[in-house]
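**Q** structural data only, the sequence is not supplied:
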Ligand SMILES: Nc1ncnc2c1ncn2[C@@H]1O[C@H](COP(=O)(O)OP(=O)(O)OP(=O)(O)O)[C@@H](O)[C@H]1O
C-alpha cells in the first residue's frame, strides 16, 4: 500500500532525520514504529502523506508519488494522520463543524458531509458532544475527535503519531481500543510511540534509531529483543517480569493456581522475593 525507497531527509538546520529508509507497509497491517526521542518516527510519519517530502528517494502511496505536489490531495485522501496534540488540529467552533471541515474541503455534497460526520461521531461514540466546543473536551475525548476528523476523509490508512503521549492511562487505553477496532474493520494502521507496552497488538514492529530502521519483526521477537535497552527503550513490564523469573530460575505454572487473581498474587509474591 505504501512503499518507501531509499528515503533520506535532513531538516534545514542540517539535522539528519531519516537516512536511507526502505519500507513496505502492507494493506490492512498494523505497523508499530518505536524509537527513543529524536529517532525519526514523526519525520517518517509525516512522509507517509506528503506533509514532508523526501530529499532523496521516493514515497509511493498506492502507486502515487507522494512527493509530487500536484498529487498531494489524492495522497491525503488515502492516508490520514492524527498527531500528539489534538488541539493543534481543531478548526471548527463545535465538534460537528470541526468534523465537517475535511469533507467540505473535498467539495462533497452536504448530504454526504452530514453522513460522514454522523458516521465518524458514532464510530468514536461521542455523539452527545456534537454541539460542544472541541477545546472544552478532555484530552482523551479531544484525541478521539481528532481521530474522527481524519475518519471523515475515509482514508484507507491511518497514521497515529504518539497520540497517547499526552493522555492519562485510561484515556490512552480508550484511544488504543478505538484504533484496534478500526484495524479490525480493515484499515491499515501505522502507530508511532516510545512506549513498548502499546505495541503487542501490532502485526509488525520497526525500531528506529538516529533516523534508521535498526530492528524489525513480529512483536514477540522485537519486544523481547535484548538490544532494546541499548536503544534507550524499556521492554514491556510482563516481558521484564518473565526475564526476571527466568534469571532467578523461578518456576510458575497456571495449574498451581485456581484463578487469575491467585495467579496474579503468586506472580507478585515471586516478584517481591526476587
Ligand atoms: N522542525 C525541525 N527542525 C529541525 N530539526 C528537527 C525538526 N523536527 C525534528 N527535528 C530533528 O530531527 C530528528 C528526528 O526528529 P523526529 O521528531 O522525527 O523524531 P521522533 O522519533 O519523532 O522524536 P520524538 O519521540 O521526540 O517525537 C531529531 O534529531 C530532531 O531534533
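**A** In hand now; what should we look at? Source: prediction; values computed, not measured.
**Q** ok and the residue in the stretch 101-250 of the chain nearest the ligand?
**A** With CB to the nearest ligand atom, the shortest gap between the stretch 101-250 of the chain and the ligand falls at residue 194, namely 5.4 Å. All C-beta atoms are positioned from the backbone trio N, CA, C, and that covers glycine.
**Q** ok, now which ones touch that residue?
**A** Residue 194 sits next to 34-37, 41, 162, 165, 233 when contact means CB atoms under 8 Å, 6 or more residues apart in numbering.
**Q** low-confidence ranges in the stretch 101-250 of the chain?
**A** Judged by pLDDT under 70, the stretch 101-250 of the chain has no weakly predicted residues.
**Q** same thing but at 80, please
**A** 166-167, 238-250 (pLDDT under 80).
**Q** strands along that one, start to end?
**A** Ranges of strands within the stretch 101-250 of the chain are 157-161, 188-193, 204-209, 212-217, based on DSSP state E, counting those that start in this stretch.
**Q** and those strands as TSV, adding mean neighbour count and distance to residue 7?
**A** Formatted as TSV, those follow (neighbours: other CB atoms under 10 Å; distance: least, CB to CB, whole Å):
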stretch	mean neighbour count	distance to residue 7
strand 157-161	24	15
strand 188-193	24	14
strand 204-209	22	12
strand 212-217	16	11
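**Q** nearest approach to residue 96 belongs to which of those?
**A** For residue 96, the closest of those is strand 157-161, at 21.0 Å, according to CB to CB.
**Q** please enumerate residues in contact with that closest one?
**A** Here strand 157-161 makes contact (CB under 8 Å, 6+ apart) with 1-2, 25, 41-42, 45-46, 48-49, 61, 78-84, 147, 150-151, 179, 182, 187-192.
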